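Undergrad: Provided below are the primary sequence and the corresponding predicted coordinates.
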Amino acid sequence: MAEYKEIKGFQVQTRSSDPVPYAQELADNPYVGSWASGGDLNSSRRLLAASGVSNSSGLVFGGRTPAPAKTGVTEQYNGTSWTEVADLDQARDYIVGAGTATAALAIGGSTSTSTTAGYTENWNGSAWTEVNALTRGPSSPQSTTYGAASGSNTSALFYASDEVSNANARTESWDGTNWTEVNDQNTARSYGVGVGTSNSAALLIGGLGSPSNPGFIANVEEWNGSSWTEIADINTVRIQASGAMQGTTEATIYFGGRTPPATSSALTENWDGTSWTEVADLATARRGSGGSGVATSAFMAGGQTGPSGSVVTTEEWAFSGLPPSTPAADYADAIVGDFYYNSSTGQFKNNFAGTGSWASGTSMPSASAGRGMAGPTSAAIAYGGTGPPGTASQTLTEYYDGSSWTEVADLNQGRFMGDPATQGSQTAALFAAGAYNGTGQVNVESWDGSSWTEVNNVPTAQHSYAAGAGTQTAALAIGAGPPNRALVASWDGSNWTDVGELNTGRYFNSASGTQTAGLTFSGDVDNTFTANTESYDGTSWTELNNLNTARATGGGAGTQTSALMITGNIPSPSSTMKAETEQWDGTSWTEVGDVATARNRPGSTGATAVNAMIAGGQPPYMANVEIWEIPDFEIKTVTTS
């Protein structure tokens, strides 16, 4: 008898276990940061300074003990416990630090005489030595406290400090020997946080304004070695916070602090070089702590939790899970069509292309229909909608983290069936038009991660029952009605412009894609449901292959070349809803898995056709959530008898 190799040209592989798809491994072991308890300080204090590059190598110094008395005590951390080492020459609080656990600077602060100086001390790993003072130094009548610092003991910045209870914009640069005044920040402040590894690149985060510009500041500024530029704001304003001081201008974290008017915070925000995202909270809310490290490994020690007193608590920030950069080759990544023998189970097996299916998600807190949605299924945002008869159009905005819903700030105007920016996110979404108590609206609101802001209106209220695609700053409102119209409006982040019209006017349609690569399908055309599909190239629309079943008021997800048409009403009878999902591959539609609960007017989101979600819908009004996923592959046992 011929062997398999002779027939097929290769031998059957033998494996002790089935392969694990790399994408599934990433999903099962997400790379996320969290706080864990570390070793306690030997002495409790607040308003202290810190330096260090990780959660296993840190230094804290100075601060205020419960007396209150200013202290020069210095403690060094090895990732398990703190050890007292040589004291500062000048005991002080409101001090800031720069550098590592073995080579640091202690800058500014308030001494026991209340005549605060620009003292600078250098740490060589075993002792402190006084070096040249800030330009506003010991002989200056001005105080130099509540500042921010970043860098090393040979290349550092000091900025955003307080002088005689007046926040200033002065920046000083350290070259290892002297301080030199350089260009000011754009916004004067104190109590900010500094991040950076040298005097040529840094971030200034948050702070407290000057008398001419009072209040807490959310603004972040970036230093490029010669000047400051304002960039994206933090999500929650606070002062006396800490940061991963050795972080970079592309990756850092910002944690703890005091929110207005005087509440200690446990919040942690992550900066990815473009925007701030709230991540895991500290176990103990506090302010005036010493914190340092990098975006993936940091610590926070001491501080105060209430109006007075101080703590010895240390928390360590670290990441767990599978880093996105992990090579797929480290896992038994499957090849579709692969045939092998599992020696543990004694079975021959094949790998087949994965097929999609719908699974139940956590229901929304309240039943609704016509909600706007954006973001991936693990970090989605849902907003607006309408509830059962007798309830007004909703203003609710809620976050979904893959397992639970959290209510956040409301829309300014409640409405449903608006045009969401389908490629938006939890921190950048757009809701255009919509209906309020059955009347079409023209207003548009933009979401920045913490609140909705009204921006310029759509050209016509008839976009209320149309579809939306794109992002917060580059979107399309596709279609209009009733009566059905072919209108399309394009949003550039500031204004709407009428652009190329559809070939077939419609409303109650669905859409996917972006502002310059959009897709729309289904809808109501002269009170008749359509299967028509059209593609947009940034200028004009082209008719493509139709859906298998004409319908309207369904959900849409994905891109221009890979999309889903989900549930919705079918033509006859008009009250009948179709549970079926159709998948678009760029050329044609294929019927795939049904939703568990057929509905119309669901909220829908998903940037790809591989992972999508629908939430709510009617009739009757429901809170049900379903999630669509396509696995990398499926393993099937080969029957040999």
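TA: Alright, I've got the coordinates.
Undergrad: tell me how far the spatially most central residue of the chain lies from Thr236.
TA: The centroid of the chain falls nearest to Thr277 when counting by CA atoms, centre = their mean (3.7 Å). Thr277 sits 12 Å away from Thr236, going by CB to CB, to the nearest Å. Placement of C-beta: from N, CA and C, glycine included.
Undergrad: shared neighbours of the two, which are they?
TA: Taking CB atoms under 8 Å, 6 or more residues apart in numbering as the contact rule, Thr277 and Thr236 both touch Glu269.
Undergrad: look up how far Arg506 lies from Leu157.
TA: Plainly put, Leu157 is 58 Å away from Arg506 if you go by CB to CB.
Undergrad: tell me, how many residues neighbour Arg415?
TA: 28 (other CB atoms under 10 Å).
Undergrad: tell me if I'm right that it and Gly384 touch.
TA: Yes: taking contacts as CB atoms under 8 Å, Arg415 lies within contact range of Gly384: 5.3 Å.
Undergrad: right, and Gly62 touches Ala49 too?
TA: Yes: if you go by CB under 8 Å, Gly62 and Ala49 touch, sitting 5.4 Å apart.
Undergrad: now do the helices in this protein.
TA: With DSSP state H, the ranges of helices along the chain come out as 4-8, 22-28.
Undergrad: domain parsing for this protein?
TA: For the chain, automatic domain parsing gives the domain ranges 4-27+326-352, 48-250, 357-634.
Undergrad: and the helices of the chain, which one is worst for confidence?
TA: Lowest mean pLDDT within these: helix 4-8, at a mean of 52.
Undergrad: circling back to that earlier point, and the residue nearest to the centre of the chain, what are its bridge partners?
TA: Asn270 (DSSP bridges).
Undergrad: so what's it up against?
TA: Asn235, Glu269, Asn270, Thr427, Gly449.
Undergrad: now Ser54
TA: Gly79, Gly293, Val294, Ser297, Ala298, Phe299.
Undergrad: and the gap between the nearest residue to Ser404 once chain neighbours are set aside and Ala432?
TA: In space, and not counting its chain neighbours, Ser404 is closest to Thr362: 5.7 Å by CB to CB, 6 or more residues apart in numbering. To Ala432, Thr362 is 28 Å away according to CB to CB.
Undergrad: who has more neighbours, the two?
TA: Counting neighbours by other CB under 10 Å for Thr362 and for Ala432 shows that Ala432 has the greater number, 29 against 15.
Undergrad: quick one: contacts for the more buried one?
TA: So Ala432 contacts Gly418, Asp419, Pro420, Val444, Val458, His463, Gly468, Ala475, Ala477, Trp491 (CB under 8 Å, 6+ apart).
Undergrad: could you list which of these belong to strands?
TA: If you go by DSSP state E, the contacts of Ala432 have Asp419, Pro420, Val444, Gly468, Ala475, Ala477, Trp491 in strands.
Undergrad: which of the residues you listed ranks first by neighbour count?
TA: In the ones in strands among the contacts of Ala432, the most neighbours by other CB under 10 Å go to Ala477, 32 neighbours.
Undergrad: quick one: the strands in the stretch 501-641 of the chain?
TA: 510-513, 518-521, 524-525, 528-529, 533-536, 541-544, 555-558, 563-566, 581-584, 589-591, 603-605, 611-617, 622-629, 633-637 (DSSP state E, counting those that start in this stretch).
Undergrad: once you drop chain neighbours, what's closest to Gly370?
TA: Counting by CB to CB, 6+ apart, the residue nearest Gly370 is Phe416, at 3.2 Å.
Undergrad: so what's that neighbour up against?
TA: Ser368, Ala369, Gly370, Arg371, Gly384, Gly385, Thr386, Ser393, Gln394, Gly434, Ala435, Arg601 are the contacts of Phe416 under CB under 8 Å, 6+ apart.
Undergrad: could I get those as CSV with distance to Tyr400, neighbour count and pLDDT?
TA: Compiled in CSV, the contacts of Phe416 are given as follows (distance: CB to CB, whole Å; neighbours: other CB atoms under 10 Å; pLDDT from 0 to 100):
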residue, distance to Tyr400, neighbour count, pLDDT
Ser368, 14, 28, 93
Ala369, 17, 25, 94
Gly370, 17, 27, 94
Arg371, 11, 30, 95
Gly384, 15, 29, 93
Gly385, 14, 33, 92
Thr386, 19, 27, 91
Ser393, 20, 24, 67
Gln394, 16, 23, 85
Gly434, 20, 33, 91
Ala435, 24, 19, 90
Arg601, 18, 28, 94
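Undergrad: redo those as TSV? Include distance to Phe348.
TA: Formatted as TSV, the contacts of Phe416 follow (distance: CB to CB, whole Å):
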residue	distance to Phe348
Ser368	50
Ala369	49
Gly370	51
Arg371	48
Gly384	53
Gly385	51
Thr386	54
Ser393	58
Gln394	55
Gly434	56
Ala435	58
Arg601	48
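Undergrad: closest to Ser320 out of the residues you listed?
TA: Arg371 (33.5 Å; CB to CB).
Undergrad: residues in contact with that closest one?
TA: Arg371 is in contact with Ala382, Tyr383, Gly384, Gly385, Gln394, Phe416, Pro602, Gly603, Ala615, Gly616, counting by CB under 8 Å, 6+ apart.
Undergrad: again, but for Thr581
TA: Gly356, Trp358, Leu564, Met565, Ile566, Thr567, Glu591, Val592, Gly593, Asp594, Val595, Trp628.
Undergrad: that older thread, what touches both of Gly62 and Ala49?
TA: Counting by CB under 8 Å, 6+ apart, the residues touching both Gly62 and Ala49 are Ile95, Ala106, Gly109.
Undergrad: quick one: these as a markdown table, columns for pLDDT and neighbour count too.
TA: Formatted as a markdown table, those follow (pLDDT from 0 to 100; neighbours: other CB atoms under 10 Å):
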| residue | pLDDT | neighbour count |
| --- | --- | --- |
| Ile95 | 93 | 32 |
| Ala106 | 96 | 31 |
| Gly109 | 89 | 32 |
